[in-house]
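1. Generate a structure from the sequence data that follows.
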Amino acid sequence: MEFGSAIILAGGKSRRMGFDKQQLQVNNRYLTRFHEECLGGLFHQLIVVTNNPELYHDTGFVVVSDEIPEGGPLSGIHVGLKYAMSRYAYVIACDMPHINIDYVQYMKRRLLGRSCSGCVTRLQNSLEPFNAFYGREIVPDIENFLGEGKKSVVEFIQQLNLLYLTEGEIRFYNPEFMFVNLNTREDFERWSRKNRECFSAAQCRK
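-> Reported below is the predicted structural model:
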């Protein structure tokens, strides 16, 4: 199977937010539940990487925790890919509130028939490591990278054979929304004020 799995990274320390990002809510609804609803129609297997598995006992997620401690998001990608049932897995962070399922499908189509290790987007000369696909084949590469004491996701993916999508290529999909992440309480409050009234499954295509 090529694209059966999606991974939600929810194991960060959330230092800048001031509280656990896994507990971000809009209209009394956790963002991770929104991810579950949006992605459930696209993937057979939804994996959440968390250090607080008790938060997910009533969900349809496969719940896993980092196997390599203190490795940051790469540790999450690592264990998520180890549990993935498909060749490629879609990866998003729990603090990214906008999922464009049309873009997810577009990445799938672009990857079909290729021999690369994943698909990421390049915006304004920067790589976006989430809202991306990675192949299970990179698990040993992550282990080697983390074993060298390195943690940077961007530095790591630069050494992979990836398919890069450009800003010009994807402008139809509203990239300014798809890669928003909520790093601080101020980010969340600002975003919430603008989106609270319309936050629903309909947001998955915007």
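2. Show residues contacting stretch 145-165.
-> With contacts defined as C-beta atoms under 8 Å, 6 or more residues apart in numbering, stretch 145-165 is touched by 68, 71-75, 77-78, 107, 110-111, 114-122, 126-127, 129, 138, 141-142. In this view, the C-beta of every residue, glycine as well, is placed from N, C-alpha and C.
3. From one end of it to the other, what's the distance?
-> 24 Å (C-alpha to C-alpha, to the nearest Å).
4. same thing with stretch 169-188?
-> Using C-alpha to C-alpha, the two ends of stretch 169-188 sit 29 Å apart.
5. Show me which residues of it are buried.
-> By 16 or more other C-beta atoms under 10 Å, the buried positions in stretch 169-188 come out as Ile170, Tyr173, Pro175, Met178, Phe179, Asn181, Leu182, Phe188.
6. can you pull out the helices in the chain?
-> 31-40, 73-83, 101-111, 139-147, 153-157, 167-170, 175-178, 185-195 (DSSP state H).
7. closest one to Phe133 among the ones you listed?
-> The closest of those to Phe133 is helix 101-111. By C-beta to C-beta, the value is 5.6 Å.
8. what packs against the closest one?
-> With contacts taken as 3 or more C-beta pairs under 8 Å, 6 or more residues apart in numbering; DSSP states H and E, helix 101-111 sits against helix 31-40, strand 88-93, strand 118-123, strand 126-135, strand 163-166.
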